[in-house]
Structure formats: structure tokens, C-alpha cells
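In: Got a sequence here, can you model it:
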Amino acid sequence: QVHLVESGGGLVQAGGSLRLSCAASGRTLSSYNVGWFRQAPGKEREFVAAVTWSSTNTRYTDSVKGRFTISRDNAKNTVYLQMNSLKPEDTAVYYCASGSRRIVPAADAYGYDSWGQGTQVTVSS
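Out: Prediction:
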């Protein structure tokens, strides 16, 4: 099983940027697809972005397209989520998760079986 740890969250003003990191240990992350999800208070966890094991394919939820970029550095066993033009509605706990290889990365939680503990992102207006 892959052990995942997120970092990089924090408090930022609207329009600002943050880069989240998802570092893996236990197994090499290059064997897995990786997704980012988020959960705001009182809301269900939602898909944000995902990338295949080889970085060939990515996918994003519509609300972050053009603002967020998912990438990975398999040599560092780390996946990143670059978040630009942040909005107050992006405020949530962000989780990374690893899942089995698929040509098109999964956009639902059932496609992932190892999860990190989350990192808080707060965007002030």
C-alpha cells in the first residue's frame, strides 16, 4: 500500500496561487494513477484533477480547468497540484489518492484506494 502525505496548503487571498505536493512512501508512485480531491465544510468530497502513471493523460473538473495544473515527478515520487487564480470557493481540505493504472484516470473516489490525510486550503475574499 502506498502511504501519501500532502503539503503546501495554507491561507491565500483570492487571485493568489498555491502549489500542493503529494509525496509517497512505501511504494513507487510511478506505478499508480494519482488524483486530487477536495472537501469543503458541509459538502461531499469532490474530484479536482487526476494524472495517469506516465503523465500521458490528465483530467480536471470543469470548475478548475485553466486554473489548476496537475503534474508529477516520478523521480521524486511526488505529484503536484499547481493552483492559480484561486477563488474563495476553492476553500477546502485537499486530498491526494493513488489508484490503479487506467488510460483515462478515474474521476470518482472508487478509482482510488490509498489516501493522504489532507491539507487545508483557505482562500480569503
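In: Find me the pLDDT at G9, would you?
Out: The model reports G9 with a pLDDT of 98.
In: Next one: L18 from V5, what distance?
Out: Separation of L18 from V5 (Cβ to Cβ, to the nearest Å): 16 Å. Bear in mind the C-beta positions are built from the backbone N, C-alpha and C, glycine included.
In: Next up, the contacts around the closest residue to S30 other than its chain neighbours.
Out: Of all residues not flanking S30 in the chain, N74 sits nearest, at 3.9 Å (Cβ to Cβ, 6 or more residues apart in numbering). For N74, the contact set (Cβ atoms under 8 Å, 6 or more residues apart in numbering) comprises T28, L29, S30.
In: show me where the protein has strands.
Out: 3-7, 10-13, 18-25, 33-39, 46-51, 58-60, 68-73, 78-83, 92-99, 114-115, 119-124 (DSSP state E).
In: Figure out which of those strands is closest to P105.
Out: Minimum separation from P105 across those (Cβ to Cβ) falls at strand 46-51, 3.6 Å.
In: Show me what the closest one is packed against.
Out: strand 33-39, strand 58-60, strand 68-73, strand 78-83 (3 or more Cβ pairs under 8 Å, 6 or more residues apart in numbering; DSSP states H and E).
In: Can you add mean neighbour count and give these back as a markdown table?
Out: Output for the helices and strands packed on strand 46-51, formatted as a markdown table (neighbours: other Cβ atoms under 10 Å):
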| stretch | mean neighbour count |
| --- | --- |
| strand 33-39 | 24 |
| strand 58-60 | 17 |
| strand 68-73 | 18 |
| strand 78-83 | 23 |
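In: Using TSV, lay out those strands together with distance to A109 and mean pLDDT.
Out: Output for the helices and strands packed on strand 46-51, formatted as TSV (distance: least, Cβ to Cβ, whole Å; pLDDT from 0 to 100):
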stretch	distance to A109	mean pLDDT
strand 33-39	7	98
strand 58-60	14	97
strand 68-73	16	97
strand 78-83	17	98
